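K.L.:
build me a model from this:
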Amino acid sequence: MAKEVKKRKEIKRKLLHKYRLVILNESTFEEKISFKLSRLNVFVTGTLCIIGLIGLTTLLIAFTPLREYIPGYSSTKLKKQATDLTYKTDSLVVSLGNTNRYLENIRMVLSGDIENNETNLDSIREQFELDPSSIDLTPIKEDSMLRAEVALEDKYNLFERKSTSSDLVLFPPISGVVSNTYDAGKKHFAVDITAPLNTPIKAVANGTVIFSEWTAATGYVIIIEHKEGLLSVYKHNGSLSKEQGDIVRSGEVIASVGNTGELTTGPHLHFELWSEGNTVNPLDYIDF
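P.N.:
Model prediction:
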């Protein structure tokens, strides 16, 4: 026990023992500066200096641009730019997919090929069609009360309700004789209207020209995109009056009747209507 106490006193003596640090002039040995130090003071001072240096370095890295020069760190601006670029890349991928589908629809319109069209409206309707006999259609009390309340309000309503029907009216492109009608079985997805050469062809509705070029099979072709996903197609034209990107009005002249293309059989207009990527019979919408 005495030996242990003696050892502790010896350690304490060594830690607190005073030393004198003197700085002398080398030529004159004149004392310039002197310090009284102990091992404990040196240890504490060194520890505080190291902690302060670590704290200062941390502050420099965290709050100054110097961190950008340290490998593994990146600036906030660069991170923001990277995030913005990621969002833009995702948007471009989605936009590219939509554009590819749109161009595929245009390709089908030009070629008249709808065999590869995966959109089958009949199958979609059958998939979600319900059997009325399997559903209990007996109105509940709350439903009857709500119907009576709505009927009473409508009875004294002075304002007409907005019509939900489509206001898209199609204008006949030309006046002539229909020489060939729409026949999906024979892959004739259009009506052919005979007319004299150079007869003006007019737009069936307001829209934007999305295609106006020459094709080997169908000659001069012009395609107009209308609202509600409707496309009107005019083939075998003699000349085109509008270019891609032009805005046209209903009844505005866009081309003239011709006899161009390998598949033509005489002066006529080959007119097609496409709705949401599917062909429709123009005779159901236009009185030629």
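
K.L.:
C-alpha from now on. contacts and neighbour counts both.
P.N.:
Fine.

K.L.:
you'd agree residue 33 is up against residue 25?
P.N.:
No - with contact defined as CA atoms under 8 Å, residue 33 does not count as touching residue 25 (9.8 Å).

K.L.:
and the strands in the chain?
P.N.:
Using DSSP state E, the strands of the chain run over residues 18-24, 31-38, 177-180, 191-194, 200-202, 207-215, 219-225, 230-240, 247-248, 253-257, 268-275, 278-280.

K.L.:
want to throw these into CSV with mean pLDDT, mean neighbour count and distance to residue 45?
P.N.:
Output for those, formatted as CSV (pLDDT from 0 to 100; neighbours: other CA atoms under 10 Å; distance: least, CA to CA, whole Å):
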stretch, mean pLDDT, mean neighbour count, distance to residue 45
strand 18-24, 84, 12, 15
strand 31-38, 83, 12, 11
strand 177-180, 92, 13, 103
strand 191-194, 95, 21, 98
strand 200-202, 96, 21, 94
strand 207-215, 93, 19, 80
strand 219-225, 95, 24, 82
strand 230-240, 95, 24, 84
strand 247-248, 95, 18, 82
strand 253-257, 96, 24, 91
strand 268-275, 94, 23, 84
strand 278-280, 90, 19, 85
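
K.L.:
wait, which of the ones you listed is closest to residue 11?
P.N.:
strand 31-38 (12.4 Å; CA to CA).

K.L.:
how big is the angle separating the closest one from strand 18-24?
P.N.:
160 degrees (axes from the mean of the first three to the mean of the last three CA atoms, to 10 degrees).

K.L.:
now the strands of the chain in TSV, with distance to residue 140?
P.N.:
Output for the strands of the chain, formatted as TSV (distance: least, CA to CA, whole Å):
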stretch	distance to residue 140
strand 18-24	100
strand 31-38	96
strand 177-180	54
strand 191-194	51
strand 200-202	55
strand 207-215	48
strand 219-225	47
strand 230-240	42
strand 247-248	53
strand 253-257	58
strand 268-275	40
strand 278-280	41
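
K.L.:
which of these sits closest to residue 65?
P.N.:
By CA to CA (comparing all of the strands of the chain), the closest turns out to be strand 31-38, at 39.4 Å.

K.L.:
restrict that closest one to CA atoms and write it as CSV.
P.N.:
Coordinates of each C-alpha in strand 31-38 appear next as CSV, following Å, rounded to 0.1, in the frame of the first residue of the first chain:
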residue,chain,number,x,y,z
GLU,A,31,17.6,36.1,-22.2
LYS,A,32,14.8,37.2,-24.4
ILE,A,33,11.8,35.1,-23.3
SER,A,34,11.3,32.5,-20.7
PHE,A,35,8.4,30.2,-19.8
LYS,A,36,7.7,28.1,-16.7
LEU,A,37,6.2,24.8,-17.8
SER,A,38,5.2,21.5,-16.4
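
K.L.:
pull up the pairing partners for that strand, direction included.
P.N.:
Applying DSSP bridges to the sheet, strand 31-38 is found paired with strand 18-24 (antiparallel).

K.L.:
so what touches the strand it pairs with?
P.N.:
Surrounding strand 18-24, the residues in contact under the criterion CA atoms under 8 Å, 6 or more residues apart in numbering are 30-39.

K.L.:
put together CSV for the residues you listed, with distance to residue 216 on each row.
P.N.:
Formatted as CSV, the contacts of strand 18-24 follow (distance: CA to CA, whole Å):
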residue, distance to residue 216
30, 108
31, 106
32, 103
33, 102
34, 103
35, 102
36, 103
37, 101
38, 101
39, 99
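
K.L.:
I'd say residue 277 and residue 105 touch.
P.N.:
Yes - taking CA under 8 Å as the definition, residue 277 is a contact partner of residue 105 at 5.8 Å.

K.L.:
okay, and the common contacts of the two?
P.N.:
By CA under 8 Å, 6+ apart, residue 277 and residue 105 have no common neighbours.

K.L.:
which residues does the residue lying closest to residue 16 once chain neighbours are set aside form beta bridges with?
P.N.:
The shortest distance from residue 16 to any non-neighbouring residue, by CA to CA, 6 or more residues apart in numbering, is to residue 38 (5.5 Å). Listed by DSSP bridges, the beta-bridge partners for residue 38 are residue 18.
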